[in-house]
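predicted model follows, preceded by the sequence.
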Amino acid sequence: MGRLAGREITVLGAGVAGLALARALALRGAQVTVLEQAAAIREVGAGLQITPNGAAVLRALGLGTALDAATMRARAVELRDGRDGSLVLRMDLARHRPDLAWHLTHRADLIDLLAEGARAAGVQVRLLQKVREIDLSGPVPRLTTAQGAELSPAIVLGADGLHSPLRAALKGKVAPFFTRQVAWRAVIPAEPGAVPVAEVHMGAGRHLVSYPLREGRLRNLVAVEERNQWVEEGWNLPDDPLALRLAFEGFGPRVRGWLEQVDQLWLWGLFRHPVAEIWGRALPGGMVALLGDAAHPTLPFLAQGANMALEDAWVLADLLDRMGPGAEMVAAYQATRAPRCRRIVEAANRNARAYHLSGLSRGVAHLGLRIGGRLAPGLPLSRFDWLHGFDVTVSA
């Protein structure tokens, strides 16, 4: 029996990180309450990729069957020239990594899967609980909600996202850096017979990622453009589909055909945040810790936001169960997670630059990818074995 049996723990946020953590803690015997600011556990329409490192956590949490039922298994990732759609590089996942699985899913389906798993493990989810402020000056954390209620749970774990009050309480607010990139996201009906392949259409100063969802009935679109104009940071700023079509009017007919079908569109500015310097703190009568976007927001160019959150959840629950809450546990958690998350964030930043090349550098880079893909087709995937081949449930 570990050290979590019967221990009361409060988790902030019912997103991917919070729900995965809640189930992981509850399965180890903790009494878990999740505080969620929304009126319901839901996600607006968008797709995401569960890569093998994230899938390993879901399977270890006993959610593997549900994962397979709620996702499509990707066969390949294709990099294409945005101007004409010609293939630059194909990374054949089924052929070169048959023992690993990349899953394409609707974010709402993943949230449903995790919410059901958390509740089945005995987790209590309290809705309409927006935490406005967190005070760490006393023996235990003191939470103040938007309604003015005060709570004093001994252990508070913050999966409360990009604008985390807990991160602010630990370090103070840090101004993010605008990357001069904005992203649109949309979901459209998929064409008949849509193949589960993630496509990246690359152009000068912009790119578009697309893959099918829900057994091929829907197609996910994420389009990124470089611009100087600042856009509000967040996920729910509606935009005119015409703006997206004009931004990608120089792309090939396949992309333009997708964009013609977009009738509801969301825009957000991409900001670069540093990985947290402080991931937690032991208090005289309790402790706090961060995970997910609260600890390491990342740009969406390596499909790792949700996967890092899943890894965090497993490691934090495992260390709490083995070591108990305290300064040593907090130090071990940060030492385990921070270097890997920092490496992933930096790799995502590099991908953003590589997708948007122009002029001579673009031609040279694309030629190199084409030649390399023919001579050593498995090599591009092997460059990320450190990421996708890592199983935190074994390595934790």
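On my side now, so go ahead.

helices and strands around the host helix or strand of residue 243, which ones?
Per DSSP states H and E, residue 243 falls inside helix 241-247. Counting contacts by 3 or more Cβ pairs under 8 Å, 6 or more residues apart in numbering; DSSP states H and E, helix 241-247 is packed against strand 177-189, strand 218-226, helix 253-260. Just so you know, the C-beta spots here come from the backbone N, C-alpha and C atoms, and that holds for glycine as well.

export these to a markdown table and tack on distance to residue 59, mean pLDDT and mean neighbour count?
Listed next are the helices and strands packed on helix 241-247 as a markdown table, based on distance: least, Cβ to Cβ, whole Å; pLDDT from 0 to 100; neighbours: other Cβ atoms under 10 Å:
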| stretch | distance to residue 59 | mean pLDDT | mean neighbour count |
| --- | --- | --- | --- |
| strand 177-189 | 27 | 88 | 19 |
| strand 218-226 | 23 | 94 | 21 |
| helix 253-260 | 33 | 97 | 16 |
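
redo these as a markdown table? Include distance to residue 97.
Formatted as a markdown table, the helices and strands packed on helix 241-247 follow (distance: least, Cβ to Cβ, whole Å):
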| stretch | distance to residue 97 |
| --- | --- |
| strand 177-189 | 27 |
| strand 218-226 | 22 |
| helix 253-260 | 26 |
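
out of the ones you listed, the one nearest residue 322 is which?
strand 177-189 (36.8 Å; Cβ to Cβ).

give me the sheet partners of the closest one and which way each runs.
Take DSSP bridges as the rule and strand 177-189 pairs in its sheet with strand 218-226 (antiparallel), strand 266-272 (antiparallel).

after the first one, next one along is what?
Past strand 218-226, further along toward the C-terminus, the next helix or strand under DSSP H and E is strand 237-238.

for that next one, the distance to its chain's centre please.
20 Å (Cα atoms, centre = their mean, to the nearest Å).

contact partners of the helix or strand containing residue 198?
Assessed by DSSP H and E, residue 198 sits inside strand 197-203. With Cβ atoms under 8 Å, 6 or more residues apart in numbering as the test, strand 197-203 has contacts from 49, 74-83, 85, 88, 102, 104, 207-211, 248, 250-252, 254-255, 355-357, 366.

and the next element down the chain from that strand?
strand 206-213.

partner strands of that following strand, parallel or antiparallel?
Take DSSP bridges as the rule and strand 206-213 pairs in its sheet with strand 197-203 (antiparallel), strand 218-226 (antiparallel).

next one: it to chain centre, how far?
16 Å.

just stretch 203-211 next, same as before
19 Å.

same check, this time on stretch 195-202
Centre to centre, stretch against its chain (Cα atoms, centre = their mean), the figure for stretch 195-202 is 19 Å.

repeat for stretch 148-161
So, by Cα atoms, centre = their mean, the centroid of stretch 148-161 is 22 Å from its chain's centroid.

what's the mean pLDDT across that stretch?
Averaging pLDDT along stretch 148-161 yields 95.

quick one: contacts of it?
Under Cβ under 8 Å, 6+ apart, the answer for stretch 148-161 is 7-13, 15, 17-18, 21, 33, 131, 134, 138, 140-145, 164-167, 285-294, 309, 313, 316, 325.

cutoff 7 Å now
8-13, 15, 17-18, 21, 131, 140-144, 164, 166-167, 285-294, 316, 325 (Cβ atoms under 7 Å, 6 or more residues apart in numbering).

repeat that for stretch 246-258.
Contacts of stretch 246-258 (Cβ under 7 Å, 6+ apart): 82-85, 188, 201, 203, 206, 208, 210, 219, 221, 223, 225, 259.

using PDB, list the CA coordinates for it.
Presented in PDB, the C-alpha positions along stretch 246-258 are these (Å, rounded to 0.1, in the frame of the first residue of the first chain):
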ATOM      1  CA  LEU A 246      -7.300  34.700 -48.200                       C
ATOM      2  CA  ALA A 247      -4.300  33.800 -46.000                       C
ATOM      3  CA  PHE A 248      -4.000  30.400 -47.900                       C
ATOM      4  CA  GLU A 249      -5.100  31.400 -51.300                       C
ATOM      5  CA  GLY A 250      -1.700  30.600 -52.700                       C
ATOM      6  CA  PHE A 251      -2.000  26.900 -51.600                       C
ATOM      7  CA  GLY A 252      -3.000  24.000 -53.700                       C
ATOM      8  CA  PRO A 253      -6.500  22.900 -54.600                       C
ATOM      9  CA  ARG A 254      -6.700  20.300 -51.900                       C
ATOM     10  CA  VAL A 255      -6.200  22.800 -49.100                       C
ATOM     11  CA  ARG A 256      -8.300  25.500 -50.700                       C
ATOM     12  CA  GLY A 257     -11.200  22.900 -51.100                       C
ATOM     13  CA  TRP A 258     -11.000  22.200 -47.400                       C
END
